[in-house]
Structures are given as C-alpha cells and as structure tokens.
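**Student:** what follows is a predicted protein model with its sequence.
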Amino acid sequence: MQRKWIQSKQTDILINSFIRQNGLGYMRLTWISNAEQTWKKVISRLEQLNIELNRPDLWDDTHKAGRLSREHGSLTGKIKAVNEMEAELIEHVDMMELAHEENDSELEVETTRGLLEMRKLAKEKEIAALLSAEHDSCSCYLEIQAGAGGTESMDWAAMALRMYKLWAQRCGFKVTVVDEMPGELAGIKRATMRMDGDYAFGYAKAEVGVHRLVRISPFDSAKRRHTSFAAVAVIPILDDVSSRFQINESDLRIEKFRSGGPGGQHANTTDSAVRIVHIPTGITATCQNERSQHRNKDMAMAVLQSRLDQLEMARQAQSHSQHTQSLSDITWGNQIRSYVLHPYRMVKDLRTNYEVSDPDSVLEGELDGFIFSFLANSIDKEGEQ
C-alpha cells in the first residue's frame with residue numbers, strides 16, 4: 001500500500017510553516033519519519049496473522065488462538081485509526097492550500113483549529129506508543145542506593161531522592177517513602193519510595209541505572225572537586241493478583257528493631273521498625289517510617305511482594321530484568337547519566353545523548369525531557385530490530 005503523505009511542494013511549505021509556528025515537530029516525526037518502513041512491517045504482520053487465523057487446526061491451542069485473535073483485532077484497529085488520521089490530515093492540507101489561494105482568513109482559522117486538534121491527538125497517540133509495554137501502566141517502587149564515595153555519595157543519594165519526589169509530585173503521582181536509612185554524617189545510604197498513579201512504572205523505568213554527580217564538595221575544607229554515585233532501581237507493582245509470586249508464611253522471618261534516625265527528641269523509643277526476610281531467596285524488605293509496627297509490617301510485606309514479583313518476571317522474561325538491574329556495581333563506567341556542577345554545568349544522558357545546561361532545574365524534578373528521550377530511543381531500537 002502506497003502512502004500519500006504530502007501532495008505538492010507548495011503544500012509542504014505550508015505544512016512546514018505551520019509546524020514551526022505551532023510546535024508540531026513531534027507530530028511530523030510521528031507520521032513521516034520512518035513511516036513507510038513501519039507501515040510495511042504492520043501490513044506484513046497482519047498478513048501473517050490472517051494466514052495463521054485461517055489454519056484449520058487453529059483452535060487446537062485455544063490459548064494461542066485467543067492471543068492471535070487479540071493481536072489481529074488490535075492491529076486492524078490501529079490501521080483503521082492511521083487511515084482515518086491520514087485522511088483527515090490530507091483534508092486539512094487541502095483546506096489550508098485553498099485558504100491561501102483564495103485569501104480566505106476564516107477558512108485558514110478553521111483549518112488551523114483542526115490541525116491543532118490533530119496535534120493534541122497525535123501527542124496522545126505518541127505517549128500511548130511510548131508506554132505500551134506489559135507493565136507500563138502499573139504503579140511502582142523506586143529504590144535509591146548510595147555508591148562509591150562515602151558521605152559524598154550518601155548526600156547525592158538524598159539529593160536524588162528529593163529530585164524524584166519532586167518529579168513524581170509534578171506528574172500527579174502519590175508519593176510514599178517506605179524505607180529510608182540515613183547516612184552516618186549526611187544524606188542516606190538507601191531509600192525506597194512508592195509511586196502510585198497511572199503509568200508510574202512506564203515513566204520511571206527510564207531512570208534505572210547509575211547516576212553520577214560531579215561537584216565541589218561541601219564536605220571538603222579544601223574545596224576540591226568530587227565524583228559521587230547513586231543507583232536507581234524500579235519495580236512494578238502488579239495489578240494482576242494471579243501473576244504474583246506466591247509467598248508462604250513459613251518461608252518468612254520477621255525481625256523487629258528500633259527505628260534509626262538523627263536522635264534527639266524525635267528518636268524512636270519503641271521497636272516499631274520491621275524487616276522481613278524471604279528465607280528461600282534471601283530477599284529482604286524493611287520499613288521504619290511509620291510509628292505503628294503493624295503499618296510498617298504491612299508496607300514491608302508489600303515491598304517484599306513486589307521484589308519477589310520482579311524476581312519471577314526476570315525468570316520468565318529476561319527483558320524485564322533491565323528495569324530492575326542490580327544495585328551492587330555502583331561505580332565509574334556504569335553510569336547512565338552525569339550531573340556536572342563543576343567545572344561547567346550540564347546534565348547529560350549517556351544512553352541518548354540528551355543534555356541540558358541547567359542542572360538546577362533537573363535537580364528540582366524536571367526530568368521529562370530525559371524520560372521521553374529514553375522512551376523514544378527505546379521505540380527506535382525496537383523498530384530497528
């Protein structure tokens with residue numbers, strides 16, 4: 001099937017002008033860049049499905065038949081939607097060209113309004129495409145652990161925790177700090193934060209990996225430059241109870257201890273903190289942020305459940321393990337992003353080469369540019385494969 005994206009040089013000039021004036025770069029990218037190649041793959045897959053669905057022995061395997069039928073229905077619906085959007089776009093292009101030929105300002109305004117509506121729809125489609133993996137719609141836990149660098153890295157881990165809190169709140173997610181272990185002098189050794197909201201995992205998975213900070217140390221009297229590391233892991237909270245790891249009570253060891261903290265009048269004088277160990281795997285979960293021991297136990301159990309779910313997912317499909325990689329090797333050479341505050345100021349993602357020259361805004365939670373760049377890059381890689 002031949003696609004007819006742009007009808008004439010004059011029309012192309014009009015559309016390019018409209019795109020520049022109204023910020024529609026991503027819309028043009030979504031529809032035009034690599035469109036022919038992607039379309040051919042979709043049509044080829046649909047043809048394969050048609051052959052599979054017409055096999056006489058299709059329903060010998062009801063599970064496979066159901067899966068193929070759902071995929072066929074999904075692809076058919078997507079092709080129909082693309083055809084409808086293309087027809088609408090071409091109609092608006094014709095109207096815009098006519099408005100310029102007839103010098104009809106009223107028609108131009110009406111057509112512009114229609115194109116802006118398509119802009120909104122295209123953005124929604126783009127986000128849906130970026131967040132289409134199996135568990136993207138889930139809420140999640142985000143874990144941070146200080147790496148090499150001692151007090152410097154513990155302070156950096158605390159800065160990262162604050163950054164992700166601000167970002168999550170800006171996204172409208174409900175944020176709960178489940179566990180936080182303070183450092184000896186400053187910052188935190190580790191922390192676990194729960195984010196509840198639609199597509200929390202889909203967005204947060206872009207942050208998995210080692211994050212490197214370069215700055216003049218506030219803890220060094222000689223004011224020397226230091227490099228610090230902190231690692232981030234993200235675990236989805238599964239909505240489907242049937243896919244969860246089944247935990248036997250006999251496999252658990254529950255330990256109670258006194259919550260740590262800075263001391264003083266806020267020191268906890270009761271054994272309200274809870275640590276739960278899953279004996280067969282050695283996986284643990286701790287919660288000490290609540291005053292109630294029962295509440296801490298419930299939250300620790302929820303964290304343990306998600307960690308065991310993640311372990312089971314990694315066994316079933318290695319593709320998920322990249323989002324919950326080990327926090328053990330948090331050193332130079334493993335970073336995904338560098339935050340440089342001295343001798344120059346820049347934050348750069350080493351996976352996508354996306355960078356900004358205002359690190360303060362990033363540390364205040366403005367992470368969307370990095371996240372969307374990573375997600376778009378992931379889609380491009382899948383397309384190449």
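**Tutor:** Structure's in. What do you need?
**Student:** going forward, measure contacts and count neighbours with C-alpha atoms only.
**Tutor:** Fine.
**Student:** packing partners for the stretch of helix or strand M159 belongs to?
**Tutor:** Under the criterion of DSSP states H and E, M159 resides in helix 151-170. Under the contact definition 3 or more CA pairs under 8 Å, 6 or more residues apart in numbering; DSSP states H and E, helix 151-170 sits against strand 139-146, strand 174-182, strand 188-196, strand 225-237, helix 359-363.
**Student:** try 6 Å this time
**Tutor:** strand 139-146, strand 188-196, strand 225-237 (3 or more CA pairs under 6 Å, 6 or more residues apart in numbering; DSSP states H and E).
**Student:** which parts of it are buried?
**Tutor:** By neighbour count with 16 or more other CA atoms under 10 Å, helix 151-170 contains the buried residues 151-161, 163-168.
**Student:** could you dump that helix to PDB, C-alpha only?
**Tutor:** Output of helix 151-170 as PDB, limited to C-alpha atoms (Å, rounded to 0.1, in the frame of the first residue of the first chain):
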ATOM      1  CA  THR A 151      29.500  10.700  52.700                       C
ATOM      2  CA  GLU A 152      29.600  12.400  49.300                       C
ATOM      3  CA  SER A 153      27.500   9.600  47.700                       C
ATOM      4  CA  MET A 154      25.100   9.400  50.600                       C
ATOM      5  CA  ASP A 155      24.500  13.200  50.200                       C
ATOM      6  CA  TRP A 156      24.000  12.700  46.500                       C
ATOM      7  CA  ALA A 157      21.500   9.800  47.100                       C
ATOM      8  CA  ALA A 158      19.500  12.200  49.300                       C
ATOM      9  CA  MET A 159      19.500  14.800  46.600                       C
ATOM     10  CA  ALA A 160      18.400  12.200  44.100                       C
ATOM     11  CA  LEU A 161      15.500  11.100  46.400                       C
ATOM     12  CA  ARG A 162      14.400  14.700  46.600                       C
ATOM     13  CA  MET A 163      14.600  15.100  42.800                       C
ATOM     14  CA  TYR A 164      12.400  12.000  42.200                       C
ATOM     15  CA  LYS A 165       9.900  13.100  44.900                       C
ATOM     16  CA  LEU A 166       9.500  16.500  43.100                       C
ATOM     17  CA  TRP A 167       9.200  14.900  39.700                       C
ATOM     18  CA  ALA A 168       6.600  12.300  40.900                       C
ATOM     19  CA  GLN A 169       4.600  15.000  42.600                       C
ATOM     20  CA  ARG A 170       4.700  17.100  39.400                       C
END
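**Student:** for that helix, the averaged confidence score.
**Tutor:** Taken as a whole, helix 151-170 has a mean pLDDT of 97.
**Student:** that one: how far from the chain's middle?
**Tutor:** Its chain's average C-alpha position is 17 Å from that of helix 151-170, according to CA atoms, centre = their mean, to the nearest Å.
**Student:** since that was my last question, I'll sign off now.
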